[in-house]
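Chemist: here is the input, now give the coordinates:
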Amino acid sequence: MGSLLRIFIIALLFFMIAWVIRGLVRPAPRSDQESLESELVADSLTGVYFDRRKAITVKTDGKTYYFMNSENRDAWLRKNFN
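Modeler: This is a model prediction of the structure:
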């Protein structure tokens, strides 16, 4: 029984030390500009979310539409403007 308690205390100390170290080496928070650049947006045709930095955009009537690829953009344009 005493050896189980010793193992438990050692494991608990190990996890507490790891938690403290992880907190010390955590990367600095990103600036507002960086967080805006990496936000997720939905493809206007499929609804699938992806990184805004990789988007192909179409701006019409003051609104921006995002697309994962040119095929989705072209299909959306045919559907909405033909």
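
Chemist: contacts, neighbours, all on C-alpha from now
Modeler: Noted.

Chemist: helices and strands of the protein: which one bottoms out on pLDDT?
Modeler: The helix or strand of the chain with the poorest confidence is helix 32-37; it has a mean of 58 (mean pLDDT, DSSP states H and E).

Chemist: what's downstream of it, the next helix or strand?
Modeler: Where DSSP states H and E defines the elements, the next helix or strand beyond helix 32-37 is strand 40-42.

Chemist: which helices and strands sit right next to that following strand?
Modeler: Contact partners of strand 40-42 among helices and strands, from 3 or more Cα pairs under 8 Å, 6 or more residues apart in numbering; DSSP states H and E: strand 49-51, strand 63-67.

Chemist: highest average neighbour count across those?
Modeler: Comparing the helices and strands packed on strand 40-42 by mean neighbour count (mean count of other Cα atoms under 10 Å), strand 63-67 comes out on top with a mean of 17.

Chemist: elements contacting that strand?
Modeler: In terms of contacts (3+ Cα pairs under 8 Å, 6+ apart), strand 63-67 is packed against strand 40-42, strand 56-60.

Chemist: residue 6 and residue 16, how far apart?
Modeler: Separation of residue 6 from residue 16 (Cα to Cα, to the nearest Å): 15 Å.

Chemist: tell me which of the helices and strands packed on strand 63-67 sits most buried.
Modeler: With neighbours defined as mean count of other Cα under 10 Å, the helices and strands packed on strand 63-67 peak in mean count at strand 40-42, which reaches a mean of 17.

Chemist: what lines up beside that strand in the sheet?
Modeler: The sheet places strand 40-42 alongside strand 49-51 (antiparallel), with pairing taken from DSSP bridges.

Chemist: which outside residues touch the strand it pairs with?
Modeler: When contacts are defined by Cα atoms under 8 Å, 6 or more residues apart in numbering, strand 49-51 is touched by residues 38-43, 68.

Chemist: where does the prediction get shaky in this protein?
Modeler: Applying pLDDT under 70 to the chain flags residues 1, 28-37.
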